[in-house]
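K.L.:
Quick one: sequence plus predicted model below, questions after.
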Amino acid sequence: MTDQTHCNSCEKKLSGNDLNSDGYGPGNILLCARCRKLSAGQKRRRGWLPIMQWEDGIEGLRLASTAPVPWANQNVVIIHITHSGMIQVSHTKTGKRRTLERAAPDDMLLVAWPGNRRQDIFIVNNRTAALGALA
């Protein structure tokens with residue numbers, strides 16, 4: 001059992017059924033019923049999954065929710081990659097908010113934050129928290 005309470009794709013609160021073993025989608029990532037259905041349909045049609053896939057331990061990639069990202073800082077950039085391959089970069093607060101609001105569940109969102117000693121890249125895994133920090 002997990003202490004996770006929200007879908008890894010759309011961030012919707014998970015139901016009791018979702019939290020059971022049938023709540024896991026591809027790669028054993030916890031998803032709500034809607035996102036599992038989307039994932040299965042997308043996989044059959046185009047080979048694209050509507051969730052951000054990552055492996056623990058990849059050097060330089062962490063979840064944005066694990067760090068105090070200064071979202072409003074102009075040096076912090078959101079990188080939005082769509083299924084079709086379009087890439088958009090947002091530097092401003094308005095642009096970042098727009099990107100977080102408009103990104104589809106199957107889009108990849110990364111945030112680049114220049115730290116004191118190196119450039120860090122994070123996977124945006126909680127859009128609601130990021131939007132709250134940009135309010």
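P.N.:
Everything's here; your move.

K.L.:
So in that sheet, which strands flank the top strand by length along the chain, and in what orientation?
P.N.:
For the chain, the strand that runs over the most residues, judged by DSSP state E, is strand 108-114. Its sheet considered, strand 108-114 pairs with strand 77-81 (antiparallel), strand 119-123 (antiparallel) by DSSP bridges.

K.L.:
residues in contact with that strand?
P.N.:
Applying C-beta atoms under 8 Å, 6 or more residues apart in numbering, the external contacts of strand 108-114 come out as 52, 64, 67, 69-71, 73, 75-81, 99-100, 103, 119-124, 127, 130. (Glycine included, C-beta is placed from N, CA and C.)

K.L.:
Of the residues you listed, just the buried ones, ChimeraX syntax please.
P.N.:
Of the contacts of strand 108-114, the buried ones can be selected in ChimeraX as follows, counting by 16 or more other C-beta atoms under 10 Å:
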select :52,64,69,71,76,77,78,79,80,99,100,103,120,121,122,123,124,127,130
